[in-house]
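> Below: sequence and its predicted model.
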Amino acid sequence: MAGTIEEKIAELVTPLVESFDAYVWGIRFRSGSDKAMLQVFVDQEDGISVDKCGEIMDVISPALDTADLIAPRYTLEVSSPGLDRILFTLEQAKAYTGKTVKAELRIPTQGRHKITGNLVSVTDDGILTVDDKISGPIEVAFANISVARVVPEFPSNNKKAPKSSS
């Protein structure tokens with residue numbers, strides 16, 4: 001069986017999610033002192049509905065309970081990755097080249113713990129170049145990123161700013 005708790009959960013839930021013509025975008029498990037949280041992000045080619053997420057949760061929840069991979073008390077959340085989706089894999093990062101991303105780093109790079117800017121490039125060996133809004137281009141290893149999210153871009157509504165009376 002796989003190594004990390006996320007990998008073990010992915011191994012268990014992926015076939016169940018795929019039975020709904022959906023796919024697992026990513027899995028995040030966080031445990032605190034009193035309660036743990038398991039987030040399973042699922043998607044479909046044309047986006048996924050809240051109802052479909054609920055149906056998937058109804059199937060994977062008992063499977064997780066039976067497999068007993070997680071300590072007794074945890075909260076399960078099944079949702080879409082959203083517009084500000086977390087990038088879990090290098091392949092996902094490559095798909096968002098040219099978009100704005102926000103990343104939190106495990107080890108500071110160029111004195112920065114957090115960077116935000118255009119994802120310029122992603123190499124096959126896991127080096128991302130982000131044109132940071134503050135520092136300019138920064139190269140960072142994907143392995144050094146604790147969490148990277150896509151920054152949603154909304155089209156302008158083409159409303160003109162009020163004219164100033166001068």
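Received it, and whenever you're ready, just let me know what you need.
> tell me what the lengthiest helix in the chain is packed against?
Secondary structure of the chain per DSSP state H: the longest helix is helix 50-67. In terms of contacts (3 or more CB pairs under 8 Å, 6 or more residues apart in numbering; DSSP states H and E), helix 50-67 is packed against helix 5-18, strand 36-43, strand 74-79. The C-beta positions use only the backbone N, C-alpha and C, and glycine is treated the same way.
> With mean neighbour count added, can I get those in TSV?
Below are those laid out as TSV (neighbours: other CB atoms under 10 Å):
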stretch	mean neighbour count
helix 5-18	16
strand 36-43	20
strand 74-79	16
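> Which of those sits closest to Gln110?
helix 5-18 (29.2 Å; CB to CB).
> Now do the residue nearest to Thr75 when sequence neighbours are not counted against Pro155, distance only.
The shortest distance from Thr75 to any non-neighbouring residue, by CB to CB, 6 or more residues apart in numbering, is to Met37 (5.1 Å). Distance of Met37 to Pro155, computed by CB to CB, to the nearest Å: 33 Å.
> same thing with Ala95?
Per CB to CB, Ala95 is found 20 Å from Pro155.
> So what sits opposite the residue nearest to Thr75 in the bridge?
Arg30, Thr75 (DSSP bridges).
> For it, give me its contacts.
Taking CB atoms under 8 Å, 6 or more residues apart in numbering, we find Met37 in contact with Arg28, Phe29, Arg30, Ser31, Tyr74, Thr75, Glu77.
> go again using 7 Å as the cut-off
Arg30, Tyr74, Thr75, Glu77 (CB atoms under 7 Å, 6 or more residues apart in numbering).
> do the same with Val130
Val101, Ala103, Ile115, Gly117, Asn118, Leu119, Val120, Ile138, Val140.
> element containing the last one?
Using DSSP states H and E, Val140 sits in strand 136-141.
> Give me the next element, helix or strand, following that strand.
Assignment by DSSP H and E places the next element after strand 136-141 at strand 145-150.
> how far out from the middle of the chain is that next one?
7 Å (CA atoms, centre = their mean, to the nearest Å).
> helices and strands around it, which ones?
Here strand 145-150 is seen to pack against strand 100-109 when contacts are counted using 3 or more CB pairs under 7 Å, 6 or more residues apart in numbering; DSSP states H and E.
> In the strand it packs on, which of the residues would be classed as buried?
Thr100, Val101, Lys102, Ala103, Leu105, Thr109 (16 or more other CB atoms under 10 Å).
> Just the mean pLDDT for that strand, thanks.
Averaging pLDDT along strand 100-109 gives 96.
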